[in-house]
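Asks: quick one, structure for this:
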Amino acid sequence: MAALIYVHSYLFVLLFVVVPLCTSKEQLSSRECENLGFTGLALCSDCHTFAEYVKDQELVSDCLKCCAEDSDDSMSKITYSGAILEVCMRKLVFYPEIVGFIEEEKDRFPSVKVQYIFNSPPKLIMLDDAGQHKETIRIDNWKREHILQFLGEKVKPTSAI
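Replies: Reported below is the predicted structural model:
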């Protein structure tokens with residue numbers, strides 16, 4: 001009898017918790033994800049790990065709607081023509097890693113511009129060839145080396161003239 005209850009409990013969890021997590025294909029816009037606190041950099045495998053620790057199914061569902069598939073081929077090949085590092089000048093004191101990047105490393109990336117917008121959290125706005133916004137990524141907690149690595153991988157080098 002106890003084994004039967006265990007099997008039923010297992011099937012219930014599998015059908016009503018795990019399967020919905022695996023099949024959620026609805027995607028939210030980058031602005032909606034940003035408003036929810038997701039940066040767009042989370043891999044879907046991260047959301048599944050998140051689900052093991054956080055029991056709020058709505059939060060996990062939102063994570064899955066904002067995550068990127070784990071396929072190395074799809075995400076690693078995406079590059080951008082440039083970026084805007086947007087930040088509030090008054091809040092820079094709270095982000096020493098970003099200040100260090102702007103003062104000491106930014107010149108390594110001529111296609112990255114710094115834009116000071118009142119009350120804006122630190123973010124990278126990734127640009128396509130036409131200069132249009134393609135993706136927005138919050139970088140509040142990034143270290144300088146993370147910014148350098150990300151821009152080195154995702155921003156096309158400018159041709160030397």
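Asks: can you give me the strands for this structure?
Replies: When assigned using DSSP state E, the strands of the chain occupy the ranges 82-87, 112-116, 123-127, 133-138.
Asks: where does this protein dip in pLDDT?
Replies: 1-25, 39-42, 70-76, 159-161 (pLDDT under 70).
Asks: that older thread, looking at the strands of the chain, which is closest to S61?
Replies: Across those, the minimum distance to S61, taken as C-beta to C-beta, is reached by strand 133-138, at 20.0 Å. For the C-beta atoms, the positions are set from N, CA and C on the backbone; glycine is no exception.
Asks: partner strands of that closest one, with direction?
Replies: Sheet pairing of strand 133-138 (DSSP bridges) gives strand 123-127 (antiparallel).
Asks: now the partner strand - C-alpha only, PDB.
Replies: Extracted C-alpha coordinates of strand 123-127, given in PDB (Å, rounded to 0.1, in the frame of the first residue of the first chain):
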ATOM      1  CA  LYS A 123      23.100  47.800 -18.200                       C
ATOM      2  CA  LEU A 124      24.500  47.000 -21.600                       C
ATOM      3  CA  ILE A 125      22.300  47.700 -24.600                       C
ATOM      4  CA  MET A 126      23.500  45.500 -27.400                       C
ATOM      5  CA  LEU A 127      23.300  47.000 -30.900                       C
END
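Asks: R144 is nearest to which of the strands of the chain?
Replies: Checked against C-beta to C-beta, the stretch from these lying closest is strand 82-87, at 12.1 Å.
Asks: tilt between that closest one and strand 112-116?
Replies: Angle of strand 82-87 versus strand 112-116, following axes from the mean of the first three to the mean of the last three C-alpha atoms, to 10 degrees, is 30 degrees.
Asks: what about V99, how many residues nearby?
Replies: For V99, the neighbour count with other C-beta atoms under 10 Å is 14.
Asks: surely it touches L92?
Replies: Yes - applying C-beta atoms under 8 Å, one finds V99 in contact with L92, separated by 5.4 Å.
Asks: include distance to S61 and mean neighbour count when you put the strands of the chain into JSON lines, please.
Replies: As requested, the strands of the chain are exported to JSON lines (distance: least, C-beta to C-beta, whole Å; neighbours: other C-beta atoms under 10 Å):
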{"stretch": "strand 82-87", "distance to S61": "29", "mean neighbour count": "21"}
{"stretch": "strand 112-116", "distance to S61": "33", "mean neighbour count": "15"}
{"stretch": "strand 123-127", "distance to S61": "24", "mean neighbour count": "21"}
{"stretch": "strand 133-138", "distance to S61": "20", "mean neighbour count": "16"}
